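> curious how this folds, go ahead:
(chains A and B)
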Amino acid sequence: MPRPPSPSIPEKEFLFSSLKESLRLDGRQPLETRTPILTFGPDLGWVECAMGKTRVLAQVDAKMVKPPPERPLEGMITIHSEVSPMAGTEYEPGRPSDEEVNLTRMLDKVLRRSDAIDKESLCVLAGQRVWHLRLTIHCLSDSGNMLDCACLAGIVAFKHFRRPEVEVVGDEVIVHHPSERAPVPLSMHHTPFCFTFAYFPDTDTAPVIDPSYMEQRISAGLISIALNAQKELCVIQKAGGVPLSEEQVLAAIDIAVNKAVALDKLVTKRLEEDWKGRKVEVR
Amino acid sequence: MATTFILPGERVRAQHVNLKLGPGLLQHAENDQDTKIISTKAGELQHSANNSKWWIEGNSKRYIPAPQESVVGVVTARSGDGWRVDIGSAHPAYLDGLAFEGATKRNKPNLKVGSLLYARVSLAHKDMEPELECFDAQTHKAEGFGELKGGFMVRCSLKMCRLLLNPNHFLLPLLGSRFPLEAATGLNGRVWVSSKETKHIIAISRCIESVDPDGGGMDEAGVHQFLGTLDI
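Numbering: from 1, shown residues only, chains lettered A, B, ... in the order given. Below is the predicted model:
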């Protein structure tokens, strides 16, 4: 199937003119994000994140493996992300599109290489047994800004997940079933969130945060900023050719800092609510 | 009659001397004597009052072309004497250069790549790419088809655009009573709307999205209230 056409001429003209008046199609302000809706599944580590009509499902599972000899003291984390044609007609199975490659790389940077999870705490028996965490990201529907949605789903899934309690007696590892002993949450250093800004070819048009599908398609460049609520910057990635000055980048970071604090509160609140609704039997 | 929900592959007991099958139904012959009617999509089974016309009404996001349906498409390329048009189906549709009102070999409309079109599906066959036309095949008059200039294209679910085509549906008359607007509803989940002011087009787009059974599924009273909150 051929690549989808870029938005039609009337659509482009209308969007550029409305964005110039600072009007967005979904009624948001230029610097207003969609409120993410987090839904937790029956299992721990199963999270669905919806931002408008963009929906991403994230799931974490853990397995015990032998660590590679060069890193005997660290657990392993792998991220599987695939964008199937379910997300939108422009995605093809098999051949990863540019957006998909970008999504995979950003997820790796934001969730794994930012050291959000304490890998040493995943070590059970040095050189013998470590936990291998596997995060699977399913993109269910793309309505713009899938990256931020996937990052949020992924990090919340890690926070929601609990691994079984283990006990080491001499050289023997005993894994306790969740019904025997309460599973333990992962030890996390921080919680990075990703925010994407879209810039438009016309320099008079103000940038927008959390672009919708159409805004993303007509934008001249995107900048993705990953940071945590403690104002520690993790990743900045700029895609597209639009030149940005230092002030513009710093302004975007300032906005992202405030958004991260608000988002962190929301995530903590939702996780607490879900945890209260869960009955964990400990015998 | 109670509504019957049906799944793809299910047998439909539709019988009439002059039976007409609509979208979602397929006549399947195993041998000469035994022909049966099976469904090809999920939804509600519907039939006309005298049981001669049967069709399935469901909701989906991907369009499957069917003959005589009006669609909104985007020109993606020139090919030969015509254009390739994206109508949201699995394959691009072909629009012949002569399929316009008053078009001749010398005098053809000039469509650019990226133009929006309102057209009718003239051929939809499972083994061939769909074909479009921009006139009425009998009268050769435009009948409102052709290039759409200005305005904006709203995407919605297939159920929503069928609702909008229903003259008894409340949404377009309600919006029309607030401000002047133009609309061209395609059955492929695309609605072209135009109005003088940007905020009016945004209001139409948001109303269609909130009434869409795939999204909010708002009713008439809800839209009244929603329009009150918008700055129009």
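> report pLDDT for the nearest residue in space to A:Glu99 that is not next to it in sequence.
When the adjacent residues along the chain are set aside, A:Glu99 lies closest to A:Val83, with 7.2 Å between them (C-beta to C-beta, 6 or more residues apart in numbering or on different chains). Just so you know, the C-beta spots here come from the backbone N, C-alpha and C atoms, and that holds for glycine as well. A:Val83 carries a pLDDT value of 88.
> ok, A:Val83 - contacts?
If you count contacts by C-beta atoms under 8 Å, 6 or more residues apart in numbering or on different chains, A:Val83 has them with A:Tyr91, A:Pro96, A:Ser97, A:Glu99, A:Glu100, A:Leu103, A:Cys139, A:Asp142, A:Met146.
> quick one: buried residues of stretch A:195-207?
Going by neighbour count (16 or more other C-beta atoms under 10 Å in any protein chain shown), the buried part of stretch A:195-207 is A:Phe195, A:Thr196, A:Phe197, A:Ala198, A:Tyr199, A:Phe200, A:Thr205, A:Pro207.
> return the residues in contact with the first one.
Okay, so that is A:Phe195. Applying C-beta under 8 Å, 6+ apart to A:Phe195 gives the contacts A:Thr33, A:Asp148, A:Ile209, A:Asp210, A:Ser224, A:Ile225, A:Ala226, A:Leu227, A:Ile255, A:Ala256, A:Lys259, A:Ala260.
> try it again with 10 Å
A:33, A:145, A:147-148, A:151-152, A:209-210, A:223-227, A:252-253, A:255-257, A:259-260, A:263 (C-beta atoms under 10 Å, 6 or more residues apart in numbering or on different chains).
> now the fifth one
Under the criterion of C-beta under 10 Å, 6+ apart, the contact partners of A:Tyr199 comprise A:205-208, A:211, A:219-223, A:238, A:240-244, A:248, A:252.
> so which of those are also by chain B?
For chain B, no contacts are drawn from the contacts of A:Tyr199 by C-beta under 10 Å from any C-beta of the partner chain.
> give me the pLDDT for the residue in chain B sticking out farthest from the centre.
In terms of distance from the mean C-alpha position of chain B, B:Gln33 ranks first, at 35.7 Å (C-alpha atoms, centre = their mean). Per-residue confidence (pLDDT) for B:Gln33: 73.
> do I have it right that A:Phe193 meets A:Asp264?
Yes. If you go by C-beta atoms under 10 Å, A:Phe193 and A:Asp264 touch, sitting 7.1 Å apart.
> name the residues contacting each of the two.
With C-beta under 10 Å, 6+ apart as the test, A:Phe193 and A:Asp264 both reach A:Asn228, A:Ala229.
> how far off centre is the helix ranked longest in chain B?
Of all the elements of type helix in chain B, the one with the most residues (DSSP state H) is helix B:198-211. A distance of 19 Å separates the C-alpha centroid of helix B:198-211 from that of its chain, computed with C-alpha atoms, centre = their mean, to the nearest Å.
> just stretch A:104-114 next, same as before
Worked out by C-alpha atoms, centre = their mean, stretch A:104-114 lies 9 Å from the chain centre.
> and that stretch, which residues are buried?
Applying 16+ other C-beta under 10 Å to stretch A:104-114 flags A:Thr104, A:Met106, A:Leu107, A:Asp108, A:Lys109, A:Val110, A:Leu111, A:Arg112, A:Ser114 as buried.
> next one: stretch B:31-44
For stretch B:31-44, burial by neighbour count (16+ other C-beta under 10 Å) applies to B:Ile37, B:Ser39, B:Lys41, B:Ala42, B:Gly43.
> if we can go back for a sec, okay, and which of the buried residues of stretch A:104-114 map to helices?
Going by DSSP H, the helices hold A:Thr104, A:Met106, A:Leu107 from those.
> neighbouring contacts of the helix or strand bottoming out on mean pLDDT in chain B?
The helix or strand of chain B with the lowest confidence, counting by mean pLDDT, DSSP states H and E, is strand B:25-29 at a mean of 85. For strand B:25-29, contacts defined as C-beta under 10 Å, 6+ apart pick out B:6, B:8-9, B:11-12, B:14, B:19, B:21, B:34-41, B:45, B:54-56, B:126.
> could I have the CA atoms of that strand written out in PDB?
The C-alpha trace of strand B:25-29 is given here as PDB (Å, rounded to 0.1, in the frame of the first residue of the first chain):
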ATOM      1  CA  LEU B  25     -24.400  -9.200   2.500                       C
ATOM      2  CA  LEU B  26     -23.100 -11.700   0.000                       C
ATOM      3  CA  GLN B  27     -24.800 -14.300  -2.200                       C
ATOM      4  CA  HIS B  28     -22.700 -17.400  -2.000                       C
ATOM      5  CA  ALA B  29     -23.400 -20.400  -4.300                       C
END
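> parallel or antiparallel, list what pairs with the helix or strand following that strand.
Next helix or strand after strand B:25-29 toward the C-terminus (DSSP states H and E): strand B:35-39. Paired neighbours of strand B:35-39 in the sheet (DSSP bridges): strand B:11-12 (antiparallel), strand B:25-29 (antiparallel).
> distance from the chain centre to strand B:35-39, please.
Averaging C-alpha positions (C-alpha atoms, centre = their mean) puts strand B:35-39 25 Å from its chain's average.
> immediately after that strand, which helix or strand?
That would be, after strand B:35-39 and using DSSP H and E, strand B:43-47.
> which strands and helices sit next to that next one?
The contact analysis (3 or more C-beta pairs under 10 Å, 6 or more residues apart in numbering or on different chains; DSSP states H and E) places strand B:43-47 against strand B:4-6, strand B:53-57.
> got the angle for it vs strand B:53-57?
Here strand B:43-47 points in a direction 160 degrees away from that of strand B:53-57 (axes from the mean of the first three to the mean of the last three C-alpha atoms, to 10 degrees).
> so how far is B:Pro180 from the closest residue to B:Glu129 other than its chain neighbours?
Residue nearest to B:Glu129 in three dimensions, not counting chain neighbours: B:His91, with 4.8 Å by C-beta to C-beta, 6+ apart. Going from B:His91 to B:Pro180 by C-beta to C-beta, to the nearest Å gives 37 Å.
> and for B:Pro23?
On the measure of C-beta to C-beta, B:Pro23 and B:Pro180 end up 33 Å apart.
> tell me which of these two has more neighbours.
The residue with more neighbours, out of B:Pro23 and B:Pro180, is B:Pro23; 19 against 11, by other C-beta atoms under 10 Å in any protein chain shown.
> the closest residue to that one other than its chain neighbours: neighbour count?
For B:Pro23, ignoring the flanking residues on the chain, the nearest one in space by C-beta to C-beta, 6+ apart is B:Ala66 at 4.8 Å. For B:Ala66, the neighbour count with other C-beta under 10 Å is 15.
> how about B:Gly228?
B:Gly228 is flanked by 8 other residues according to other C-beta under 10 Å.
> much appreciated, bye for now.
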